[in-house]
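1. Provided below are the primary sequence and the corresponding predicted coordinates.
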Amino acid sequence: MEKELIEDYVFHRDFTKQYPIITHGQGIYLYAEDGKRYIDACSGAVAANLGHGVEEIANAMAQQAKKAAFVHTMRFETDVLFELAEKIAKLSPSSMNKVYFTSGGSEANESALKLARQFHKDAGRSEKHIVIGRWQSYHGNTYGSLSAGGDIKRRHMYTPNLLNFSHIHSPNCKRCPYQRELAECESKKNWSCVSNLEILILELGPESISAFIAEPIVGSQLGAVSPPSAYFKEVRKICDKYNILLIVDEVMTGFGRTGKDFGIQHFGITPDIITFGKGVSAGYAPLAGMIVHDRVIEGLMHNSKGKFVHGYTYSGHPVSVAAGLSVLKIYERDLILTNVQETGHYLKQKLLDLKKICPIIFDIRGEGLLMGIELAIDGEKGTAFPSKIQASERINTIAMNLGAVFYPGSGSINGHEGDHFLIAPPLNVTKAEIDEIVGILEKSLQIFIKEIKEANSYETAK
């Protein structure tokens with residue numbers, strides 16, 4: 001056993017798996033050392049937004065590395081830092097004009113939680129320290145971001161170490177945790193997923209609440225679920241009423257993924273902090289950060305002598321920032337948003353057509369090129385597969401054997417049951433490539449259905 005364990009020196013994500021070795025990528029395809037080609041139908045972890053092998057981005061990084069590969073932002077800054085910050089700010093709501101850089105989404109959300117705390121404390125509201133998050137959400141794996149998130153499985157191991165943050169249910173109208181119908185909520189203008197936020201705030205005491213954090217469209221934990229159209233407008237009102245900062249996590253949805261520059265733009269409100277990552281550098285370098293509302297910056301200037309008590313060694317790393325700058329120029333030049341809107345609509349229609357003929361698809365949802373599929377034993381009733389079947393993982397394994405990679409997830413119903421996966425190809429995907437993706441997906445679903453029928457697990461579960 002020891003010899004097996006030290007055959008290589010990598011601390012693998014899972015020591016029981018043997019991973020394909022990727023030698024190179026081009027466009028939406030990845031190529032393994034054994035010659036096999038994979039369609040990257042989920043952009044890695046919804047990050048490789050321009051696909052693979054883009055020399056323009058690699059050259060921009062190399063040029064910056066030759067000029068200045070690293071400076072510590074406590075002492076120095078670089079011109080690319082100013083250029084990228086300006087481009088990001090100009091994509092953001094008009095009152096959000098300062099951009100703070102980190103290396104990844106977990107760090108970005110950690111930074112936002114700490115900024116919210118300092119903002120209140122230095123203004124004399126020292127009791128404001130609790131963050132409210134949502135169940136079946138994900139904000140990162142650092143202790144702070146994990147505490148704010150609602151991923152039951154990721155939290156379980158570390159529960160004794162997590163911060164005393166609180167949570168409400170994420171809105172999921174198809175499987176409403178409050179057993180209500182959207183039409184009723186809309187007609188009465190009373191959404192339980194909203195009113196329960198205010199109830200929790202009052203129970204905990206508004207004087208103790210620092211921030212509320214939410215994804216505009218829930219990604220990996222629910223499989224691209226959007227809230228009711230009025231949800232964020234009502235949440236914004238509640239946060240304003242009790243002087244609570246609203247943090248919107250756009251790590252997955254930002255930079256065109258949903259057909260808008262930021263996912264929150266679908267809902268017509270301005271947050272206090274937007275966190276971002278993944279798509280900002282299209283996966284070419286570790287880069288993320290937060291965009292901060294002017295009023296928060298004014299608070300820092302007035303109450304904190306302009307200093308944020310926080311920082312990372314690689315904040316604003318010049319090579320990563322150069323990658324981000326190159327990526328945003330390509331987004332603009334190549335009209336990536338227009339392509340997302342057109343191909344996103346095409347992908348959604350293809351998936352809806354697939355649902356008509358596939359008995360285990362319960363729901364198709366999402367925006368742009370962030371599409372989700374929820375699976376069920378009975379696609380009409382929505383009866384979940386038993387968790388032991390690991391439906392989404394098995395389908396993704398089948399798809400990989402056929403040459404495509406999706407983003408499987410589970411726990412969408414109660415943190416334990418419910419299978420779904422994301423389809424989120426690079427933002428420059430073509431309709432012909434979408435046809436190829438959906439074709440492999442259809443074959444994978446057919447093989448999975450055949451397997452579980454042969455094992456009697458389908459009828460037994462049903």
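-> Looks like it came in fine.

2. which ones are touching L337?
-> Shown in contact with L337 (Cβ atoms under 8 Å, 6 or more residues apart in numbering): G256, G259, K260, D261, Y331. Any C-beta I mention is one placed from the backbone N, CA and C, and that applies to glycine too.

3. In a markdown table, list those residues along with secondary structure.
-> Shown next, in a markdown table, are the contacts of L337 (DSSP: H, G, I helix; E, B strand; the rest coil):
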| residue | secondary structure |
| --- | --- |
| G256 | coil |
| G259 | coil |
| K260 | coil |
| D261 | coil |
| Y331 | helix |
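
4. what about N196, neighbour count?
-> Neighbour count for N196, taken as other Cβ atoms under 10 Å: 14.

5. again, but for P286
-> The tally of other residues near P286 (other Cβ under 10 Å) stands at 17.

6. and if you look at the one 10 residues further on?
-> When counting by other Cβ under 10 Å, one arrives at 21 neighbours for V296.

7. so it, which of the three states?
-> Look at V296: counting by three-state DSSP, its state is helix.

8. Can you tell me how far it is from I247?
-> Using Cβ to Cβ, to the nearest Å, V296 is found at 10 Å from I247.

9. Pop the domain breakdown of the protein in here.
-> Following automatic domain parsing, one finds the domains of the chain at 56-333, 335-461.

10. Reformat those as CSV; add mean pLDDT and distance to Q18.
-> Below are these laid out as CSV (pLDDT from 0 to 100; distance: least, Cβ to Cβ, whole Å):
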stretch, mean pLDDT, distance to Q18
domain 56-333, 97, 23
domain 335-461, 95, 12
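
11. if we compare these, which one ends up closest to E33?
-> domain 335-461 (15.2 Å; Cβ to Cβ).

12. quick one: that closest one to chain centroid distance?
-> 18 Å (Cα atoms, centre = their mean, to the nearest Å).

13. ok so, going back, could you name every residue contacting both of V296 and I247?
-> D272, I273.

14. ranges for the helices of the stretch 151-300 of the chain?
-> With DSSP state H, counting those that start in this stretch as the criterion, the stretch 151-300 of the chain has helices at 152-156, 182-188, 192-204, 231-241, 294-303.

15. which stretch among those comes nearest I360?
-> Among the helices of the stretch 151-300 of the chain, helix 152-156 comes nearest to I360, with 22.4 Å by Cβ to Cβ.

16. Report the contact partners of I440.
-> Counted by Cβ under 8 Å, 6+ apart, I440 has contacts I39, A41, A399, L402, G403, A404.

17. try 10 Å
-> Y38, I39, A41, I398, A399, M400, N401, L402, G403, A404, V405, F406 (Cβ atoms under 10 Å, 6 or more residues apart in numbering).

18. any idea how far V131 is from P286?
-> Counting by Cβ to Cβ, the gap from P286 to V131 is 24 Å.

19. right, I mislabeled it, should have said L352
-> Counting by Cβ to Cβ, the gap from L352 to V131 is 37 Å.

20. now do L197
-> Look at L197 and V131: by Cβ to Cβ, they are 13 Å apart.

21. Quick one: the domains of the chain as JSON lines, columns for distance to A47 too.
-> Compiled in JSON lines, the domains of the chain are given as follows (distance: least, Cβ to Cβ, whole Å):
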{"stretch": "domain 56-333", "distance to A47": "4"}
{"stretch": "domain 335-461", "distance to A47": "9"}
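
22. Would you mind saying which of those lies nearest D34?
-> Nearest to D34, of all these, is domain 335-461, at 12.2 Å by Cβ to Cβ.

23. show me where the stretch 1-150 of the chain has strands.
-> 22-26, 29-32, 37-40, 96-102, 130-134 (DSSP state E, counting those that start in this stretch).

24. chain center to stretch 272-286: distance?
-> The mean C-alpha position of stretch 272-286 is separated from the chain mean by 10 Å, Cα atoms, centre = their mean.

25. Just the endpoints, please. Distance across that stretch?
-> Distance across stretch 272-286, first residue to last, is 24 Å (Cα to Cα, to the nearest Å).

26. Then stretch 288-300?
-> OK, stretch 288-300 end separation, Cα to Cα: 21 Å.

27. Would you mark the buried spots in it?
-> Under the neighbour-count criterion of 16 or more other Cβ atoms under 10 Å, stretch 288-300 has A288, G289, M290, I291, V292, H293, V296, I297, G299, L300 buried.

28. would a markdown table of those with distance to I389 be doable?
-> Below are these laid out as a markdown table (distance: Cβ to Cβ, whole Å):
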| residue | distance to I389 |
| --- | --- |
| A288 | 35 |
| G289 | 39 |
| M290 | 39 |
| I291 | 41 |
| V292 | 44 |
| H293 | 45 |
| V296 | 46 |
| I297 | 50 |
| G299 | 51 |
| L300 | 51 |
